[in-house]
Each structure stands twice: as C-alpha cells, then as structure tokens.
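K.L.:
Build the 3D model from these lines:
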Amino acid sequence: MKVARFYAPGDVRIEDAPEPSPAADELKIKVHNTSTCGTDVKIYRFGHPNIVPPRVIGHEIAGEVVEVGANVTGWQPGDRVQVIAAIPCGRCDECKRGWMTICPNQLSMGYNFEGGFAEYMVVPENVLRVDGLNRIPDGVSYAEASVAEPLACVLNGQELASVHEGDTVVVVGAGPIGCLHVRLARARGAAAVYLVELNRARLDMAAALVGPDAAICGAETDAVDEVKKLTDGRGVDVVITAAASGKAQEEALQMVARRGRLSFFGGLPKDNPTITLDSNVVHYREVTILGANGSSPAHNKRALELIASGAVPVDDLITHRMPLTEVLAAIDTVAKGEAIKVTIEP
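P.N.:
Residues are numbered from 1 along each chain as shown. Next comes the predicted model:
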C-alpha cells in the first residue's frame, strides 16, 4: 500500500509499505478520506516533538472497518467510521472531571500512532478505550466525516466561549477553521457574524462560501474601527481569533463589548508566544478571556451530528480533493492559502 511518511522537516516521502494487521485490541480500516490542515503544514516544515520519525502522518480520518481484533466488540467489517485525532487517557484527574481536551497524557493520531495518509491503518486500543471511534451517520460522506475533527475543535471553542442566541460574533481568520466558526456561530443562533482576514483573496473565497454579515479585510482597513462602526461603538459579544497571530489577539480585546468573551482559539508560535494586553480593559469592562485546545471524543460525536443534520454544512468547504500521491501538493496548497479544505482520497 502507499503511505505518506514524515522523516524530517521538509522530508515527507510517498512510499510503499506492507498493510498493517490489527492486534487483538485493535481494528483495521481502509482509509477513504484524510483531510489536511495547517498543522500538517507545520509538521512538514518544522516537525513536532511528539513525532519520532519515520511516521505516517495525517489526523483528520474517515474510513471503513475491514478487520476487527479478537478482543474488540461492537464493530464489524463494513462499518463506516471517523477517528478522533487527539486521544485522552481517560484515567487522569482531568479526564475524570470531563476535561478530556486538556489531558496531560494526551496522544495523537499521526504523531504517536501511524496516521491517515495511507491506504490502510490500524485504530489503536487507546482510541477504542475512550470511545473515540465514531459511526458515520447515514447521508454523511467519508469526505464530510473527515471534517468532523476540526469542527469538533470549533465546537469545543464555542462551548467554552458560550456562543449563544442573539450574540454578535467576530471571527478572525478566514481559513477552514474560521469558516467553520462562522457556520457554527450561525447554527448556535448568533445574530450577526463578522469575518476578519488580512488576505483579500482568501477573505473573498471564504466569504463567498459562508456569507458572513460583513467581510473585513484587515490589510485594507482598520478592522477594530470597522467592528466598532458595525456595532455603533459597542463592540461584539464574542471575538474568536482563529489565526496564529499575536496582533490579532491584541486587537481582539479592542473589539469586544462589556462583559464580552474573547476566545484565543489559534495558538501562537512557540518562539513568540507572548502578547501585550491592557489589563484595565479586562478589569473594568469585565471581559472574559478563554483558551481552547482541541476536542474530546464527545465533541467529535456531536460534530458528526451537526454535519448530518445540516446545521453545519461542510461539503462545499472541501475545495480540493487529491490522491495520496499528491500529499505534498496538498500541503503546499494549504500553505499558500489557495484552498479552504483539502482532502486526500487514498
């Protein structure tokens, strides 16, 4: 079978490999879709401390069960499944409290285990133990199911920020995550959703798909001023920074209304992780600042339900479909911002 294997920064190879066999507590799937994201770009460029090469990468995975280990129950060949990416241990204090997104023992598909840029892969016992293998609902394609993982992360972020009916929301960043945030905020009843992006071409592409109430190009206008104008000077209830930008986080505080919530959804580069915020604005305006880190198995299940119900459509966000042999081209397309979502179909 073909796989895409990471060896070192800048060195991902398409190779032939033997098909894996599941152990007694594992099962094997035929991969139908593994979608790409900005994390794959970072892995390709810089590697990751949790990846010991060589490693098959890819973590937004959907496929079909083809073989079940002797000790595994509840699954059979032909089942259509989606695999979680972030794997909590299920045993630590955080997991026992229901905080699986911040499990200190978290492992990941495509990092600690062989990932989805392959024709076949094994779903490890770690995933099955935390109920991290999900049935794909009828009517949801494998490609759509592969987008459930990023949508699950978006769902976690909006639950933490308590996005609810009547809110005004700003999403900063018009990539796939930003597009999902716009659609989910609408599904949760937001009264208005504004999309902010520096890159005009990327903004136009995203806005044409998800239709924000206003599309603001930060390279052409002062985004803070535009948000203030749109809200008669009040600011918005929620700002979600779906971009790895310290400046975006600093400006977000200037957009948020009194008692507003500020979600730092996108992490910052590890060599430049600090920002400057006016603490008095947080203090006197009673602003809440929240982090958001990944998703839990339960978030993945709810994301599939949102896709199946039509509450959050994702099929049209998949702008490119490529074979496994073109993984490097897919990563390059994501890096250049020329796509919303790129999916690999082995």
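
K.L.:
Check Arg261 and give its pLDDT.
P.N.:
Model confidence at Arg261, given as pLDDT, is 98.

K.L.:
Now do it: how many residues are near it, please.
P.N.:
A count of nearby residues for Arg261, using other C-beta atoms under 10 Å, gives 22. In this view, the C-beta of every residue, glycine as well, is placed from N, C-alpha and C.

K.L.:
Parallel or antiparallel, which strands does whichever strand or helix holds it pair with?
P.N.:
Assigned by DSSP states H and E, Arg261 belongs to strand 256-264. Paired strands of strand 256-264, with direction, are strand 236-241 (parallel), strand 288-291 (parallel) (DSSP bridges).

K.L.:
Export it to CSV, keeping only CA atoms.
P.N.:
Only the C-alpha atoms of strand 256-264 are listed here, as CSV (Å, rounded to 0.1, in the frame of the first residue of the first chain):
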residue,chain,number,x,y,z
VAL,A,256,-15.1,43.1,22.4
ALA,A,257,-18.0,44.7,24.3
ARG,A,258,-18.5,45.0,28.0
ARG,A,259,-19.0,41.5,29.5
GLY,A,260,-17.7,40.1,26.2
ARG,A,261,-15.8,36.9,25.7
LEU,A,262,-12.5,36.6,23.9
SER,A,263,-11.5,33.2,22.7
PHE,A,264,-7.8,32.6,21.9
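
K.L.:
tell me the mean pLDDT over stretch 62-81?
P.N.:
98.

K.L.:
list the buried ones in it?
P.N.:
62-65, 67-69, 72, 75, 79-81 (16 or more other C-beta atoms under 10 Å).

K.L.:
Show the end-to-end separation of it, please.
P.N.:
Start-to-end span of stretch 62-81 (C-alpha to C-alpha, to the nearest Å) is 6 Å.

K.L.:
quick one, phi/psi of Ala330?
P.N.:
Backbone torsions for Ala330, taken as degrees, to the nearest 10, come to phi -60, psi -50.

K.L.:
doesn't Cys37 make contact with it?
P.N.:
No: contact criterion C-beta atoms under 8 Å: Ala330 and Cys37 do not qualify, at 10.4 Å.

K.L.:
and Ser35, what does it touch?
P.N.:
60, 143, 146-147, 149-150, 318, 341-344 (C-beta atoms under 8 Å, 6 or more residues apart in numbering).

K.L.:
Provide the partner residues of it in its beta bridges.
P.N.:
Glu60, Thr343.

K.L.:
Check the gap between it and Arg55 for me.
P.N.:
Ser35 is 18 Å from Arg55, where distance means C-beta to C-beta, to the nearest Å.

K.L.:
any chance you could map the helices in the stretch 1-150 of the chain?
P.N.:
38-46, 93-96, 125-129, 142-146, 148-160 (DSSP state H, counting those that start in this stretch).

K.L.:
closest one to Tyr111 among those?
P.N.:
helix 38-46 (8.4 Å; C-beta to C-beta).

K.L.:
Grab the nearest non-local neighbour of Gly63.
P.N.:
Ile29 (3.8 Å; C-beta to C-beta, 6 or more residues apart in numbering).

K.L.:
what number of residues lie near the residue lying closest to Gly218 once chain neighbours are set aside?
P.N.:
Closest residue to Gly218 apart from its sequence neighbours, by C-beta to C-beta, 6+ apart: Leu198 at 4.7 Å. Using other C-beta under 10 Å, Leu198 is surrounded by 19 other residues.

K.L.:
Can you get me a residue count around Pro104?
P.N.:
10.

K.L.:
Flag the shaky bits of the stretch 51-200 of the chain, pLDDT-wise.
P.N.:
For the stretch 51-200 of the chain, no stretch is flagged by pLDDT under 70.

K.L.:
Could I get the contacting residues of Glu60?
P.N.:
Glu60 neighbours (C-beta under 8 Å, 6+ apart): 34-37, 85, 116, 146-147, 149-150.

K.L.:
Quick check: of those residues, which has the highest neighbour count?
P.N.:
Busiest of the contacts of Glu60 [other C-beta under 10 Å] is Thr34, holding 34 neighbours.

K.L.:
That one against Ser146, yeah?
P.N.:
Yes: using C-beta under 8 Å, Thr34 is in contact with Ser146, at 6.1 Å.

K.L.:
can you list residues touching both of those two?
P.N.:
60-62, 343.

K.L.:
Which single one of those residues is nearest to Ala191?
P.N.:
The closest of the shared contacts of Thr34 and Ser146, once distances to Ala191 are taken by C-beta to C-beta, is Glu60, at 30.9 Å.

K.L.:
ok, that closest one to Cys153 distance?
P.N.:
Taking C-beta to C-beta, one finds Glu60 at 10 Å from Cys153.

K.L.:
for Ala207, same thing?
P.N.:
22 Å.

K.L.:
quick one: which of the two has more around it?
P.N.:
Remark: of Ala207 and Cys153, Cys153 carries more neighbours, 27 against 19, as counted by other C-beta under 10 Å.

K.L.:
so how far is stretch 123-136 from its chain's centroid?
P.N.:
18 Å (C-alpha atoms, centre = their mean, to the nearest Å).
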